[in-house]
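> What follows is a predicted structure for the sequence shown.
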Amino acid sequence: MLNIGVIGCGAIGRDHIRRLHDLVPGAEVVACADYFQEAADKVAAQYGIRAYASGEELIAAPEVQAILITSSDDSHAGYVLEGLKHGKYIFCEKPLALNAADCEKIIEAELKHGKRLVQVGFMRRYDRGYAEMKRIIESGELGAPLMIHACHRNVSQGPGFKTEMGITNVAIHELDICRWLLGDEYKSAQVLKVRQSSLSNKGYDNPQIVLLETQNGCRIDVEVQVADGYGYDIQCQVVCEKGTINLPDPYAVVKRANATRSFPILTDWKDRFIEAYDIEMTEWVKSVENGKLTGPSSWDGYVACVAGDALNNSRGKGVFLPVETIEKPELYR
Ligand SMILES: NC(=O)c1ccc[n+]([C@@H]2O[C@H](COP(=O)([O-])OP(=O)(O)OC[C@H]3O[C@@H](n4cnc5c(N)ncnc54)[C@H](O)[C@@H]3O)[C@@H](O)[C@H]2O)c1
Ligand SMILES: O[C@H]1[C@H](O)[C@@H](O)[C@H](O)[C@@H](O)[C@H]1O
């Protein structure tokens, strides 16, 4: 059994605890912590586990063999570095950090262990639709990929949302999945402010358009809507030389009534990617037990943040900025 401690008992923290407890073989959640003690106490009472007073105490606890970080974005890098100090396996929800500089510190600390200890929560890599798209691209049957048109639409945002988070919190998924699908790296990036939705009247840009160019010359555009008012809608089309590949919509029953065919659109990431999260957690636990992580690495978390930095720095400038990484260490090749 892998004894796991979870830092962050909010929406996804509780969802991952449920799946680790109910579904994932070989996993046991033994501890939790949250900035708000009541949140941790509630989860601890529900599962009969120990609530620690801080993330740091949980990380240091001898009973905790592996750490799951599901606290807010700005706390990730600090907890990952703390976990690495203790040489523990860490699953960190996306983003790995708020910027590339913090990711570099994580890479440096992980390299000292000579093995991978960190996995990043880019769960789309475990989604059946994206996996099949990658298989088709790699088979070469449609020729070279030329372009990706994608969109990432959320229903609404809570208080405190900022324009930059449209990149670091939201589009970060596309920044990972596009390079993974294409097997290519980014060359330059630019974010555009376009005509604003009246639903965005809360102090942040909505929509924004993310533009990327890859080293092989592919062009990528991602529409980022953080408040679309209608549903959680993730779309992706890869245009290849001899055809196109589309991410399937999630399963939905079609209703025929009142001279209309209709089907529901999901509103929550929890439901949209439920299968991907299940597979992600199962594979993570298996790979920790085998002593060899196989999922998205600190390097992947870093590259997404390098592109994210370029995008956020480009805002309002009207130019593409270069996406430049450090040399890729052998550990991540
Ligand atoms: N992979 C995905 O699709 C996915 C989906 C949802 C959320 N996430 C990521 O997971 C994280 C949590 O998201 P959420 O939707 O559950 O948010 P949330 O606000 O519902 O929960 C965050 C929890 O972390 C706690 N917290 C905040 N700062 C903390 C700190 N310094 N130490 C300990 N606890 C702290 C909060 O009190 C809260 O209970 C975010 O980083 C988010 O980007 C990823
Ligand atoms: O934290 C969430 C999560 O990562 C979702 O997958 C994403 O679609 C949302 O935009 C983001 O706020």
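Received it, and whenever you're ready, just let me know what you need. Ligands and ions are numbered 1, 2, ... in the order given.
> Can you say which helix or strand has residue 238 in it?
Using DSSP states H and E, residue 238 sits within strand 233-240.
> same deal with residue 307?
With DSSP H and E as criterion, residue 307 is part of helix 298-314.
> do residue 261 as well
strand 260-262.
> what is the mean pLDDT for that strand?
Strand 260-262 shows a mean pLDDT of 98 in the predicted model.
> Now the element after that strand, going C-ward?
helix 269-272.
> tell me which residues in the helix or strand following that next one are buried?
For helix 269-272, the following helix or strand on the C-terminal side (DSSP H and E) is helix 274-289. Buried residues in helix 274-289, defined by neighbour count with 16 or more other C-beta atoms under 10 Å: 274-288. Just so you know, the C-beta spots here come from the backbone N, C-alpha and C atoms, and that holds for glycine as well.
> For residue 44, give me its contacts.
32, 50-51 (C-beta atoms under 8 Å, 6 or more residues apart in numbering).
> thinking again about what came up before, mind picking the two most distant members of the buried residues of helix 274-289?
Pairwise distances across these (C-beta to C-beta) peak at 21.8 Å, for the pair 274 and 288.
> just for the stretch 151-300 of the chain, where's the confidence low?
201 (pLDDT under 70).
> and residue 137, what is it in contact with?
145, 181-183, 238, 240, 245 are the contacts of residue 137 under C-beta under 8 Å, 6+ apart.
> Those in strands, which ones?
145, 238, 240, 245 (DSSP state E).
> Can you tell me which of these is nearest ligand 2?
Among the ones in strands among the contacts of residue 137, residue 238 lies closest to ligand 2 (C-beta to the nearest ligand atom), at 19.4 Å.
> Quick one: residues contacting that closest one.
Contacts of residue 238 by C-beta under 8 Å, 6+ apart are 133, 137, 145, 147-148, 181-182, 244-245.
> can you check residue 298 too?
Per C-beta under 8 Å, 6+ apart, neighbours of residue 298: 80, 96, 103, 106-107, 110, 116, 118, 120, 332.
> Also residue 183?
By C-beta under 8 Å, 6+ apart, the contact list for residue 183 reads 137-138.
> Ok, residue 87 next?
Counted by C-beta under 8 Å, 6+ apart, residue 87 has contacts 113, 117.
> Test my guess that residue 6 contacts residue 70.
Yes. The criterion here is C-beta atoms under 8 Å, and residue 6 meets it with residue 70 at 6.2 Å.
> overlap in contacts of the two?
Joint contacts of residue 6 and residue 70 (C-beta under 8 Å, 6+ apart) are 13, 16.
> hmm, which of the ones in strands among the contacts of residue 137 are the buried ones?
For the ones in strands among the contacts of residue 137, buried by 16+ other C-beta under 10 Å: 145, 238, 240, 245.
> okay if I get those residues as JSON lines plus distance to ligand 1?
Listed next are these as JSON lines, based on distance: C-beta to the nearest ligand atom, whole Å:
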{"residue": "145", "distance to ligand 1": "24"}
{"residue": "238", "distance to ligand 1": "21"}
{"residue": "240", "distance to ligand 1": "27"}
{"residue": "245", "distance to ligand 1": "22"}
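> from those residues, which is closest to residue 76?
residue 238 (29.5 Å).
> beta partners of that closest one?
residue 148, residue 245 (DSSP bridges).
> From the buried ones among the ones in strands among the contacts of residue 137, pick the one nearest residue 159.
Out of those, the member with the shortest distance to residue 159 (by C-beta to C-beta) is residue 238, at 36.0 Å.
> what about residue 6 and residue 70, which has more around it?
residue 6 (31 against 24; other C-beta atoms under 10 Å).
> What's the separation between that one and ligand 1?
10 Å (C-beta to the nearest ligand atom, to the nearest Å).
> by contact count, what packs against whatever helix or strand comes next after the helix holding residue 307?
Downstream of helix 298-314, the next assigned helix or strand under DSSP H and E is strand 321-322. With contacts taken as 3 or more C-beta pairs under 8 Å, 6 or more residues apart in numbering; DSSP states H and E, strand 321-322 sits against strand 186-193, helix 298-314.
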